[in-house]
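Undergrad: Everything below, folded, please.
(one chain, ligands or ions: 2)
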Amino acid sequence: MVHVVDHPLVQAELTGLRCRNCPGPEFRQRLRRICSLMVPAVTADFETKVVSCETPLEMTSGVEVTRRIILAPVLRAGLGFLDGFFDLLPGAAVAHIGLARNEETLLPEPYYIKTPPILAESEVILLDPMLATGGSAVEAARRLIDLGATHLRFACLVAAPEGIATFEAAFPEIPVFTASIDRGLNDRGYILPGLGDAGDRLFGTA
Ligand code: PRP
Ligand code: URA
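TA: Numbers count the residues shown, from 1 in each chain. Ligands and ions are numbered 1, 2, ... in the order given. Next up is the predicted model:
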């Protein structure tokens, strides 16, 4: 269930993001552009229904996405995906999932959860650029499911094999979209080669 979005423009943007000397404004712009390139892959199987529409010349038919869309960014780094997803899904609602990874235990510690009513029929897209140990993604998905999500998918940017294995073991049915499967984790739980601490780079807190 892991889809690697290997479009050349995605890979070129990701290379720019990985560079340590990519400044904050450029980091945010690249992230936004990468989203606009990944959203079509992430949403390719969205269910649509036929609707009628009147052009200036005649009646015709078209389609509309059937389900309500909820974007669920994991704070903070997931916020870096939000504008890019909103560009293509402007009507989406947002479920904020505040998790901070404990630097010692590497376990996620929840600090803020604010979601719209998650109807069983909503399409929920979990957003977090980094899938490292997988602890945060598993915690976020579990919370969304507890709140009623039944159609869930996960969009990240850089995934470690360890995180993919943990997430797949917990939720084999949830599709994961990523731009890269990196080599692995270092002894502090950072992805190699990775791009460093995504939240710090986005918000200048390093
Ligand atoms: C980062 C990242 C993920 C998590 C991934 O967030 O954005 O949420 O770590 O690591 P994991 O797969 O091992 O759980 P962090 O907790 O550092 O918070 P931040 O985004 O506020 O910096
Ligand atoms: N969180 C990040 O932001 N980067 C990593 O490499 C691992 C966790």
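Undergrad: Any chance you could note which residues of the protein sit beside ligand 2?
TA: 77, 130, 132, 189-191, 194, 197-199 (Cβ under 6 Å from any ligand atom). No exception for glycine: its C-beta is placed from N, CA and C like everyone else's.
Undergrad: Inside helices: which ones of those?
TA: 198-199 (DSSP state H).
Undergrad: Identify the bridge partners of residue 180.
TA: residue 158 (DSSP bridges).
Undergrad: need the contact list for it.
TA: 4, 11, 14, 157-159 (Cβ atoms under 8 Å, 6 or more residues apart in numbering).
Undergrad: mind checking how far it is from residue 17?
TA: Residue 180 is 10 Å from residue 17, where distance means Cβ to Cβ, to the nearest Å.
Undergrad: Touching both of those two, which residues are there?
TA: residue 157.
Undergrad: Enumerate the positions of stretch 10-18 that are buried.
TA: 10, 13-14, 16-18 (16 or more other Cβ atoms under 10 Å).
Undergrad: which pair in these spans the largest distance?
TA: 10 and 18 (12.6 Å; Cβ to Cβ).
Undergrad: and residue 84, what does it touch?
TA: Residue 84 neighbours (Cβ under 8 Å, 6+ apart): 31-36, 39.
Undergrad: Checking my notes, residue 80 in a helix, right?
TA: Yes - with DSSP: H, G, I helix; E, B strand; the rest coil as the criterion, residue 80 is part of a helix.
Undergrad: what about it, neighbour count?
TA: 27 (other Cβ atoms under 10 Å).
Undergrad: Let me see the contact set for it.
TA: 28, 31, 129, 198, 202.
Undergrad: ok, the last one to residue 131 distance?
TA: Using Cβ to Cβ, we find residue 202 at a distance of 16 Å from residue 131.
Undergrad: and these two? which has more neighbours close in?
TA: residue 131 (28 against 19).
Undergrad: which residues does that one bridge with?
TA: Beta-bridge partners, per DSSP bridges, of residue 131: residue 159.
Undergrad: Kindly state the pLDDT recorded for it?
TA: As predicted, residue 131 sits at a pLDDT of 98.
Undergrad: For residue 67, see how far away it is.
TA: 24 Å.
Undergrad: Could you tell me which residues of the chain lie near ligand 1?
TA: So the chain meets ligand 1 at 74-77, 99-101, 106, 108, 128, 130-137, 163, 189, 197-199 (Cβ under 6 Å from any ligand atom).
Undergrad: What remains of those if I keep only buried residues?
TA: Neighbour-count burial within the residues of the chain next to ligand 1 applies to 74-77, 99, 101, 108, 128, 130-137, 163, 189, 198-199; the criterion is 16+ other Cβ under 10 Å.
Undergrad: Strands - which of these land there?
TA: The strands, defined by DSSP state E, take in 74-75, 99, 101, 108, 130-131 from those.
Undergrad: closest point of this structure to ligand 1, which residue?
TA: Closest residue of the chain to ligand 1, Cβ to the nearest ligand atom: residue 199 (2.4 Å).
Undergrad: I'd say that residue and residue 73 touch.
TA: No - Residue 199 is beyond contact range of residue 73, at 11.2 Å (criterion: Cβ atoms under 8 Å).
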